[in-house]
Every structure is written in structure tokens, then in C-alpha cells.
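[1] Could you work out the structure for the sequence below:
(one chain, ligands or ions: 1)
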Amino acid sequence: MTMNSHPLGAAYFSMEIALEAGLPTFAGGLGILAGDTLRSAADMGLPMAGVTLLHRKGYFEQHLDAHGNQSETPSVWTPEQVLQPLEARSFLVLEGQKISIRAWQYTIRGCSGHSVPVYLLDTALPENPSFIQTITDQLYGGDEHYRLCQEAVLGIGGIAMLRQLGHHHLMTYHMNEGHPALLTLALLEEHVAGRSPAEASAQDLAFVRKKCVFTTHTPVPAGHDQFSSDVVRRVLGNDRTTALERAGCLGGKVLNMTDLGLRCSHYINGVAMQHGEVSRGMFPEYSIRAITNGVHAGTWASPPFQELYDRHIPEWRRDNLYFRYAIGIPLKEIQDAHAQTKSALIGEVARATGVQLDANVLTVGFARRATAYKRADLLFSDLERLRSIARNVGPFQIIYGGKAHPQDEQGKEQIRHVFAAMAALKNAVRSVYVENYDMRWASLLTSGSDLWLNTPERPHEASGTSGMKAALNGVPSFSVPDGWWLEGHVEGATGWDIGREEIPETSADEIASLYHKLEKIIVPMFYGRPAAYAEVMRLAIALNGSFFNTQRMLSQYISDAYFEGKKAMPVEHVVNESRRSGAA
Ligand SMILES: *Cc1c(COP(=O)(O)O)cnc(C)c1O
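    From the prediction side, this is the model:
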């Protein structure tokens, strides 16, 4: 297998990875980030691989009835059609029995031909007990026990699989959130070879720490994955449980996966500057840095904008810094490209919902996971005010999308709220909620809207990435100053803030600011000064597209995290090595 013969520098572990539109191997932003990271790694010629689970039944397909009641069906897919089954088998002892794991390979090809493999672990093998066969089926499904089994397969089984595939000496293991944190235990076991991990010394732990990088994504303690010690002992057995206890990871009789990741990593980061600060507040005993998220430009620039960039800044795929020079693209060409993306969006909305939107009307887009802190219904706080703006200042139309986790009742309630508000606005503001928000809809919506709305409850948005996709397509953000927008926002230049930067601020202040800016600034500019609006679009690309991309993000990971303390090994060495073997 020549494809696995090149030395790997880093393995990127993530419970979800968005590989391509149509494959349900992810649930939301975390998986999109993972996929975008690996796509940039392929573009940059880096010797990386991704490790995740197969998720044979995916996350779920969303169905919405006329009142916005969500129901779900499994998103069954056919891995055989897109993935390559690998012969290798790795093994793991779960609940005292030895289970086998196989991997499927998805290959990401970068813009210069380098490829990055993603290994999707699968336990649906006839030799496994029937319950075990189901544990790589469903993303974020099942109970605590099911999830711990999944996370053991991902972390411990994943390390074993890398070894089976011939990847022995990696420089870095990068954990994207806490789910894969059991990989640290696997590395510890390997390092103490022969001895019980329960007898590992501080030096053994230090060895593991040197190899691990942990990215935390959640700004609230409740968001962290936890397992009770009974379940841990039952699933992982005495030795491993004792090892976790001795490493201080079973305090309070729970295994907190974030805690495990933090304890066993030499580099820890939050996903935007503010999130770094919030995380330091939550975990004051650790040194936590911040590397702001990005998106993969080649994936999220829509076809009309790709063509525009190919004409004006042909280097953009290879080097995203060239987006800075979008400042020289004529406004008319940006407007023309946007007219195409908007028309594509309107066409797809009509096809999917039967609702015909107007290409000449200001289109406000909002799509993200439906969950309480995202406050999808904030825009609809005062329907009379919205009607009045539409009647007296200028018309606008609204497109929404987003799934609620099957157990998130508040998220489901928000969708119903939005439906009710849309129905009440019916004759004044045309609006529509598209079903089954996925990569394809994300792409259509972030490129085809005229304004990208985001109204999270601060400081819950660790980063957010959909606004970055919008920026790459010249779509300004209109957002609460939270997450990445605190860094990407230049008032009236890259978009607009909702509310002020000081915390605390009441939601009434935010609502007032939202309506005020819509009424006095955005709607008047859109209709009255289209060249000024196009200038905001252009600045969104030049200032934000050039920075909020995964290529910049990954360069930071490489220099700040992967190579930290290993400065003797220059990046070029690893890159050249992979190029050589990639070419062979
Ligand atoms: C980009 C994306 C997300 C994440 O968007 P946020 O702005 O971070 O909420 C979620 N789901 C899909 C399908 C996406 O493409």
C-alpha cells in the first residue's frame, strides 16, 4: 500500500469530519472545522491524516411539518460507494472482551495534488457481538455507555489502527475537542510497554504530553463530555480506570474528557481570542492559548466567486493571503458574481420549498444549529417593527435553516417559534425555513444571502464559522460581537455589530440595536447606495477572507503547537519529505 507509506507528521482526531456534501459524517461546526482543516492540510502538502468514526447512520435527516415540528430519520448512506475498505484490523478490549475494528479510507486531494487520508473506524464486523457492531453507527446518539464505547473506539482504537497502517512515529496527535481524549491513555500504554498504565510515572505522562495538542471548543462547563466512574470501569476495565484515577482524571467520580485532554497536552487552545480568555477562566490551572478558526476557501468560495478570484488573484487557492488583493477587484464584478450566487440560492429555495423569493430584495440569511444560545428567534422579537421597516424603509426577505439535536427540546422550540413568526409576517416580509441544513445549503445560503445574521448569546459562540464562509463570498455579517466576529468586525467596513461590546448587555439592548441598524443603516444603504454596499462586500473578502481561513489557522497550529519545543525540526523538512513520497 504505497499510499500509507509516507511518514505521518500529525494525526488529527475528531468525532466528526465533514468530508463532502452528501456524506452525513458530521453534525455541525465541529465537523466542518475538522474537514476544512484536513482540506487545507492537503493543499499545503502536509503529512497529516484524519481519524474519525464511520457513522453508518449519520447524524439524522431533518423533517419539518407546517408548524416547524422537527422529526428525524437516520441518514443511511453507502460507504462502499465513496470509501476504500482497508484490510487492516485493530483490536480493543471493551467490557472485558476483545473487539475488532476496521477502517475505511477517504482521500482528500489538495490543490497541488498532495493527498491526506482520513480513516473512518467501523466496528460492524461479523466477529463482534451485536451491540458492538452498532457503536460506530450513530453520531451523538445513544446513552452515556454507548458514547463511552464510541470514544474508546475513536481514541484507543484509532491509535491502534494508525499502528496497523504503519504510522508509528508521529510528532503530534491533535484532539479536536474532548471526544478522542482516550488516545492519551493509548499513548501512555504504548509508552510503558509491558507495564500496567496504572503504574505510569510522571515522566511517562510527560512523554505523552509532548506529543499531544488539544483544542477546546466549548465556552460552558455543561458542554463538556462526562462519564460516571461506574461506566468507565465497566467499559475500560480496572487497569485503565486506575490509570485515569492516578492521572487525576476521575475527580468527583466522573471522567471529564476535556480534563483528560487538558492534562495530557503540551499545547491547549481555544478557537478565537475571546474563547481563549473564557477558557482560561474555566481552567485557570492551564496555560491556554488561542488560534482562531477558519474555513477552507476552496470549499466555501462559490463557483462564481472562484471564477472571479481565478481571474484576478489566481494564486488564491495555493495561498489564501492573496485575498488581501481582492481590494483591487472592480465593484461591478463583485456585484455580478453575487447576483449569480443569489440567483442560485433563490432557485434552490423555490425548488425545495415552492417559495419564490425576489432577486431584487435584500435577503437576510441565518442558518446554524438550532439550540438555545444561538437565539434563532431574536430577529423576530418585534414583528410590528419588522413590518414597519419593510413598509417604510425598504423590503427584505428572510431565509433560515438549521437542525436541532433530537434531544434538544429548547432548540426544537426555537424552530417552532421561527415558523410561527414567519407565518405571522406572511403578507409583509417573505420568509422561508429550509429543511435539512447541510453543507450544500450552507454553501448556497452563505454565498447567496445579502446579509449574514448571527445572534448568539454572549459569550457562548466560541468561534462560529458560517460568517467566515459568507465573507469569502463577499457577504457582510450582521452579528452580535461574539466569537470570531470580535476580530473580524470593522463597523460599516466588513459588516455591522449588533449591540455594543461591553458585557453585560441586556437582550433588549441587542434587539434595539438590531432593528436600529437594519432600519437606519443597512436597508437604506442596500437600496440607496449600492456602490457603498458593494464596498463593504469587497472589504469583507479582502480583510476577512484573507485571514479567517484554515490555511492561516493550520500555519499557526504548525508553528505554535505542533513544532513547539521541537524547533530543531524545520517545517520544510516534513513538508518536503511528504512531497517526495507523495510524488513517488
Ligand atoms: C459552517 C457550518 C456550520 C457551523 O456554522 P456556525 O456559524 O459555526 O454555527 C454548521 N453546519 C453546517 C452544515 C455548516 O456548513
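[2] Return the residues of the stretch 351-500 of the chain in contact with the ligand.
    If contact is defined as CB under 6 Å from any ligand atom, the residues of the stretch 351-500 of the chain in contact with the ligand are R368, R369, Y437, D438, M439, A442, G464, T465, S466, K469. Any C-beta I mention is one placed from the backbone N, CA and C, and that applies to glycine too.
[3] rerun at 8 Å
    Remark: the part of the stretch 351-500 of the chain in contact with the ligand comprises 367-369, 374, 402, 437-439, 441-443, 446, 454, 461, 463-467, 469, 483, using CB under 8 Å from any ligand atom.
[4] can you check the chain too?
    Near the ligand, when you scan the chain using CB under 8 Å from any ligand atom, you find 18, 26-29, 31-32, 295, 367-369, 374, 402, 437-439, 441-443, 446, 454, 461, 463-467, 469, 483.
[5] among those residues, which are in strands?
    Among the residues of the chain next to the ligand, the members found in strands (DSSP state E) are A367, N454.
[6] low-scoring stretches of the stretch 451-584 of the chain, by residue?
    Per-residue confidence of the stretch 451-584 of the chain (counting by pLDDT under 70) places the weak regions at 501-504, 565-584.
[7] actually the chain, not the one I typed
    By pLDDT under 70, the weakly predicted segments of the chain are 1-6, 501-504, 565-584.
[8] at 80 instead, please
    Across the chain, the stretches falling below the confidence threshold (pLDDT under 80) are 1-7, 220-223, 500-505, 564-584.
[9] Would you state the strands of the stretch 251-400 of the chain in chain order?
    Counting by DSSP state E, counting those that start in this stretch, the stretch 251-400 of the chain has these strands, from start to end: 254-256, 267-270, 289-290, 362-367, 396-401.
[10] just the stretch 451-584 of the chain next, same as before
    Under the criterion DSSP E, counting those that start in this stretch, the stretch 451-584 of the chain carries strands at the ranges 451-454, 477-479, 495-497.
[11] in the first one, what counts as buried?
    This points to strand 451-454. By neighbour count on 16 or more other CB atoms under 10 Å, the buried set for strand 451-454 is L451, W452, L453, N454.
[12] start to end distance for stretch 139-150?
    Stretch 139-150 stretches 9 Å from its first residue to its last (CA to CA, to the nearest Å).
[13] my bad, should have said stretch 191-208
    The distance separating the two terminal residues of stretch 191-208, taken as CA to CA, comes to 8 Å.
[14] Can you give the contact residues for it?
    Contact with stretch 191-208 is made by T184, L185, L187, L188, E189, D239, R240, T242, A243, R246, A247, C264, as judged by CB atoms under 8 Å, 6 or more residues apart in numbering.
[15] Would you mind naming the helix or strand containing the third one?
    L187 belongs to helix 183-191 when elements are defined using DSSP states H and E.
[16] Follow the chain on from that helix and name the next helix or strand.
    helix 202-211.
[17] quick one, that following helix and helix 183-191 angle?
    The directions of helix 202-211 and helix 183-191 differ by 120 degrees, with axes from the mean of the first three to the mean of the last three CA atoms, to 10 degrees as the criterion.
[18] Can you mark which positions in helix 202-211 are buried?
    Taking 16+ other CB under 10 Å as the basis for neighbour counts, the residues of helix 202-211 that come out buried are D204, L205, F207, V208, R209, K211.
[19] Could you list which residues are in contact with the last one?
    For K211, the contacting residues are L170, M171, T172, Y173, L187, H266, taking CB under 8 Å, 6+ apart as the criterion.
[20] Which two of the residues you listed have the greatest separation?
    With CB to CB as the measure, no two of those lie farther apart than L170 and H266, at 14.1 Å.
[21] May I see the buried residues of stretch 118-133?
    Taking 16+ other CB under 10 Å as the basis for neighbour counts, the residues of stretch 118-133 that come out buried are V118, Y119, L120, L121, D122, T123, A124, N128, I132, Q133.
[22] ditto for stretch 160-170
    Taking 16+ other CB under 10 Å as the criterion, stretch 160-170 shows A160, M161, L162, Q164, L165, H167, L170 as buried.
[23] CA atoms only: put it into PDB for me.
    Presented in PDB, the C-alpha positions along stretch 160-170 are these (Å, rounded to 0.1, in the frame of the first residue of the first chain):
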ATOM      1  CA  ALA A 160      -4.100   1.000  17.300                       C
ATOM      2  CA  MET A 161      -5.400   1.500  13.800                       C
ATOM      3  CA  LEU A 162      -2.600   4.000  12.900                       C
ATOM      4  CA  ARG A 163      -0.100   1.500  14.100                       C
ATOM      5  CA  GLN A 164      -1.700  -1.300  12.000                       C
ATOM      6  CA  LEU A 165      -1.500   1.000   9.000                       C
ATOM      7  CA  GLY A 166       2.200   1.500   9.600                       C
ATOM      8  CA  HIS A 167       2.100   5.000  11.100                       C
ATOM      9  CA  HIS A 168       4.400   4.600  14.100                       C
ATOM     10  CA  HIS A 169       6.300   7.700  15.000                       C
ATOM     11  CA  LEU A 170       4.100  10.700  14.800                       C
END
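[24] Identify the residues contacting that stretch?
    Counting contacts by CB under 8 Å, 6+ apart, the residues outside stretch 160-170 that touch it are 1, 4-5, 7-11, 49, 51, 86, 88-92, 101, 103, 119, 121, 186, 211.
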